[in-house]
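**Q** Sequence first, then the predicted structure, then my questions.
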Amino acid sequence: MRTRAAVLCAVAAVVAGSFTDLPASAATRAPVQVSPVTWKKCGTTDYPTLQCGSVKVPLDHRNPRGRQITLALTRVPHTAPVSQGPLLVNPGGPGGSGLALAGFVASTLPKKVAAQYDVIGFDPRGVGKSTPAIDCAPGYFKPVRPDSVPATPALEQANLERVRSFAAACGKKYAKLLPYLDTVDAAQDLDSIRQALGVRRISYFGYSYGTYLGAVYAKLHPDRIHRLVLDSIVDPTGVWYDDNLSQDYAFDDRQRALMAWIAKYDSTYKLGKDPDKVEAKWYAMRAALAKKPAGGKVGASELEDTFIPGGYYDGYWPYLADAFSAYVNGKKTAALVEAYQNFAAVDASGDNGYSVYAAVQCRDSSWPQDWNQWRKDNWAAYEKAPFMVWNNAWYNASCASWPTKSLKPPNIANTKLPPVLLFQATDDAATPYQGGVTVHRLLAGSSLVVEQGGGNHGITLSGNTCLDTHLAAYLTDGTVPRGTGTGTADAVCAKTPDPKPLTTKAASTSSRGSTLHGLLGFRG
């Protein structure tokens, strides 16, 4: 998740009682007048036309005249003579800041397409420059943490004490905020933004968790959607406990794909030509770091943190492979520490992002309260997919003792929308493929574009011309591909090619994909 604290499986039937239709009052209550946004120049070198503003929204949308909070906004204004209105963009999370994403989307879309929209970024409630922003336990991810795998009772207890203390700290510091940090309230904020922008309808473009936020908004206000783009799609039938377990299997597959890639380039990395033997060396490295952390910073848990981003974006593979090779072949730790600092170290914005992540996921749906259930489920997953299971479990385990009551996830099924465009890679680990299939089924009239064989998370505006062509056509005039009825996908694109070993670091870090994934962060 953000610098960097940084979901899903078979089409699950909607179990009776597990989901709830959003109350009619949520969509039909009389709106309170929202003040228009005042925009000020705040351009950067990368995004010189960026503007900044803010909007006040109710903390509790059921009490619209009660306490107000402030959401930070950015805008790249349209330049075409005729505008299609605002396009709100969200990078996921929950807990991700979208302020810079507006500049990226506006500068990366074809100029004729971007010119038709006011591209709007926002920090959701609790996040970043929105106020109040939360930080439950500053330095929570400070290294070196206990080994994530609870191989002994002492390790399990140490990790349990960490997550329980985090939940208690959140409850103590933010008792009046936590009941309103959830996806439904965040979705209602989108409509307050719409009102502040003075428009009848908005367009929305969300990545990762942002797909769930967009689907919930569309359920609340289907008549207020102009265009809706969802990229790397959360399975709404598994939020959030089941989705996280499903992630574990998919991330193990992506880690093994990295091991196979390293084996392919044995002449560079000299870790072996057999992926299984390369993987064995990785776990041997993990065991060594559990005993003696690299640079006093990278222990077993931090090593997992460092390699998890490789499951999100294969552009990081060459850096991870270099660090792995240097440690195993030369007992050198500098590259490993550098990779940790670049991909996993958590600063204050990461602490904030993780706090919002936990608050929203723990509030959004029910989680097992009995730790024996967590222990059973995660050990079962670990036996088959050991790479990320326990790291992911502790990342979410504060929900077992969260201090606010949980909600029932809404049923996002929708028959009232204009055509919706969905993008999904078949080998995405963070939001596995079946999530896209499920949402395609639930959103009547939607079109699903599949990146066949792709494993990255967040696939549009990342260098795949085929995907971006579909995106541009849709944002231009609503055109969507329609399949022949012989398969799930309405269109299929070949995957973005795998990376090559590094020649120069500058060349490898300048791609659109690297920029996008730096904005999307990890864990959502």
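**A** Arrived safely, thanks for sending. Residues are numbered from 1 along each chain as shown.

**Q** Output the helix or strand containing residue 257 as PDB - backbone C-alpha positions only.
**A** Under the criterion of DSSP states H and E, residue 257 resides in helix 241-264. Only the C-alpha atoms of helix 241-264 are listed here, as PDB (Å, rounded to 0.1, in the frame of the first residue of the first chain):
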ATOM      1  CA  TYR A 241     -12.000 -12.500   4.300                       C
ATOM      2  CA  ASP A 242     -12.500 -14.900   1.400                       C
ATOM      3  CA  ASP A 243     -11.000 -12.600  -1.100                       C
ATOM      4  CA  ASN A 244      -7.800 -12.300   0.900                       C
ATOM      5  CA  LEU A 245      -7.500 -16.100   1.200                       C
ATOM      6  CA  SER A 246      -8.000 -16.400  -2.600                       C
ATOM      7  CA  GLN A 247      -5.200 -13.900  -3.100                       C
ATOM      8  CA  ASP A 248      -2.800 -16.100  -1.300                       C
ATOM      9  CA  TYR A 249      -3.000 -18.900  -4.000                       C
ATOM     10  CA  ALA A 250      -2.700 -16.400  -6.800                       C
ATOM     11  CA  PHE A 251       0.300 -14.600  -5.300                       C
ATOM     12  CA  ASP A 252       2.000 -17.900  -4.900                       C
ATOM     13  CA  ASP A 253       1.500 -18.600  -8.600                       C
ATOM     14  CA  ARG A 254       3.000 -15.100  -9.400                       C
ATOM     15  CA  GLN A 255       6.000 -15.700  -7.200                       C
ATOM     16  CA  ARG A 256       6.600 -19.000  -8.900                       C
ATOM     17  CA  ALA A 257       6.300 -17.200 -12.300                       C
ATOM     18  CA  LEU A 258       9.100 -14.900 -11.100                       C
ATOM     19  CA  MET A 259      11.200 -17.900 -10.100                       C
ATOM     20  CA  ALA A 260      10.700 -19.400 -13.600                       C
ATOM     21  CA  TRP A 261      11.700 -16.000 -15.200                       C
ATOM     22  CA  ILE A 262      14.900 -15.900 -13.100                       C
ATOM     23  CA  ALA A 263      15.600 -19.500 -14.200                       C
ATOM     24  CA  LYS A 264      15.100 -18.500 -17.900                       C
END
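
**Q** If you count contacts, what does it end up packed against?
**A** If you count contacts as 3 or more Cβ pairs under 8 Å, 6 or more residues apart in numbering; DSSP states H and E, helix 241-264 packs onto helix 275-291, helix 300-312, helix 317-330, helix 371-384, helix 389-396. Just so you know, the C-beta spots here come from the backbone N, C-alpha and C atoms, and that holds for glycine as well.

**Q** redo that, cut-off 6 Å
**A** When contacts are defined as 3 or more Cβ pairs under 6 Å, 6 or more residues apart in numbering; DSSP states H and E, helix 241-264 packs onto helix 275-291, helix 300-312, helix 317-330, helix 389-396.

**Q** how about the CA coordinates for the shortest one, as PDB?
**A** Meaning helix 389-396. What follows is helix 389-396, C-alpha atoms only, in PDB (Å, rounded to 0.1, in the frame of the first residue of the first chain):
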ATOM      1  CA  VAL A 389      -0.300 -16.600   3.300                       C
ATOM      2  CA  TRP A 390       0.800 -15.500   6.800                       C
ATOM      3  CA  ASN A 391       2.100 -12.100   5.700                       C
ATOM      4  CA  ASN A 392      -1.400 -11.500   4.300                       C
ATOM      5  CA  ALA A 393      -3.100 -12.900   7.300                       C
ATOM      6  CA  TRP A 394      -1.300 -10.600   9.700                       C
ATOM      7  CA  TYR A 395      -2.000  -7.700   7.400                       C
ATOM      8  CA  ASN A 396      -5.700  -8.200   7.900                       C
END
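
**Q** rewinding a little: tell me the angle of the helix holding residue 257 relative to helix 371-384?
**A** Orientation check (axes from the mean of the first three to the mean of the last three Cα atoms, to 10 degrees): helix 241-264 against helix 371-384 gives 20 degrees.

**Q** Who are the contact partners of residue 489?
**A** 448, 450 (Cβ atoms under 6 Å, 6 or more residues apart in numbering).

**Q** How confident was the prediction at it?
**A** pLDDT for residue 489: 96.

**Q** That one and residue 440, how far apart?
**A** From residue 489 over to residue 440 the distance is 9 Å, taken as Cβ to Cβ, to the nearest Å.

**Q** Mind listing the shared neighbours of those two?
**A** Residues touching both residue 489 and residue 440 (Cβ under 6 Å, 6+ apart): residue 448.

**Q** for the record, mean pLDDT for the helix or strand following the helix holding residue 257?
**A** Downstream of helix 241-264, the first helix or strand assigned by DSSP H and E is helix 266-269. Averaged across helix 266-269, pLDDT comes to 98.

**Q** Quick check: buried residues in helix 266-269?
**A** If you call a residue buried by 16 or more other Cβ atoms under 10 Å, then helix 266-269 has these buried ones: residue 269.

**Q** Extract the CA atoms of that helix and return them as CSV.
**A** Output in CSV follows, covering the C-alpha atoms of helix 266-269 (Å, rounded to 0.1, in the frame of the first residue of the first chain):
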residue,chain,number,x,y,z
ASP,A,266,20.3,-18.0,-15.5
SER,A,267,23.2,-16.6,-17.6
THR,A,268,22.5,-13.3,-15.8
TYR,A,269,21.4,-14.3,-12.3
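
**Q** just the helices and strands packed on helix 241-264: most buried one?
**A** Looking across those with neighbours counted as mean count of other Cβ atoms under 10 Å, the highest average goes to helix 300-312: a mean of 26.

**Q** Against which helices or strands is that helix packed?
**A** Applying 3+ Cβ pairs under 6 Å, 6+ apart, we find helix 300-312 packed against helix 241-264, helix 275-291, helix 317-330, helix 334-343.

**Q** hey, C-alpha coordinates of it in CSV?
**A** Extracted C-alpha coordinates of helix 300-312, given in CSV (Å, rounded to 0.1, in the frame of the first residue of the first chain):
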residue,chain,number,x,y,z
ALA,A,300,11.8,-12.7,6.8
SER,A,301,8.7,-10.6,6.9
GLU,A,302,10.4,-7.7,5.2
LEU,A,303,11.7,-10.0,2.5
GLU,A,304,8.1,-11.0,1.8
ASP,A,305,7.0,-7.4,1.8
THR,A,306,9.8,-6.7,-0.8
PHE,A,307,8.8,-9.5,-3.2
ILE,A,308,5.0,-9.1,-2.9
PRO,A,309,5.1,-6.0,-5.3
GLY,A,310,6.5,-8.4,-7.9
GLY,A,311,3.1,-10.1,-7.9
TYR,A,312,1.5,-6.8,-8.7
